[in-house]
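J.: Return atomic coordinates for the entry below.
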Amino acid sequence: MPRRTKVSKTLLDFGTRVQYSVFECHLEGKPLFEKMCRRLDRLIQEEDRLRIYSICGACETVLRVRGTAKRLVDPDIYIL
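T.: Numbers count the residues shown, from 1 in each chain. This is a model prediction of the structure:
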């Protein structure tokens, strides 16, 4: 199985795919975030590129969604 597929399947264990390579993960607390990162660290190699953006509750107030996108209400949001 290609490494990209393994990363995608891992991210689906923690969140939802919103675009081909974009996932939204609602992680309740730092331990779950760290668990996700540990699993990803086992898969990611030096030539890979993975960005994790943490979005706080205050940032959620300026979030704009369009089309069929849904606004998230979880205060601990990580977009991958």
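
J.: Tell me the secondary structure at residue 18.
T.: Secondary structure for residue 18, judged by DSSP: H, G, I helix; E, B strand; the rest coil, is strand.

J.: Quick one: residues contacting it.
T.: With contact set as Cβ atoms under 8 Å, 6 or more residues apart in numbering, residue 18 has these partners: 24, 69. (Each C-beta comes from the backbone N, C-alpha and C, glycine too.)

J.: Can you tell me how far it is from residue 69?
T.: According to Cβ to Cβ, to the nearest Å, residue 18 and residue 69 sit 7 Å apart.

J.: The longest helix along the chain packs against which elements?
T.: Taking DSSP state H as the criterion, the chain has its longest helix at helix 30-43. Judged by 3 or more Cβ pairs under 8 Å, 6 or more residues apart in numbering; DSSP states H and E, helix 30-43 is in contact with helix 3-12.

J.: The helix it packs on packs against which elements?
T.: Partner elements for helix 3-12 (3+ Cβ pairs under 8 Å, 6+ apart): strand 22-26, helix 30-43.

J.: In CSV, list the C-alpha atoms belonging to the first one.
T.: Provided in CSV are the C-alpha atoms of strand 22-26 (Å, rounded to 0.1, in the frame of the first residue of the first chain):
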residue,chain,number,x,y,z
VAL,A,22,-7.2,18.0,3.3
PHE,A,23,-8.6,16.5,6.5
GLU,A,24,-10.4,18.1,9.4
CYS,A,25,-9.7,16.4,12.7
HIS,A,26,-11.7,17.2,15.9
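
J.: and that strand, which strands flank it?
T.: If you go by DSSP bridges, strand 22-26 pairs up with strand 15-19 (antiparallel), strand 77-79 (antiparallel).
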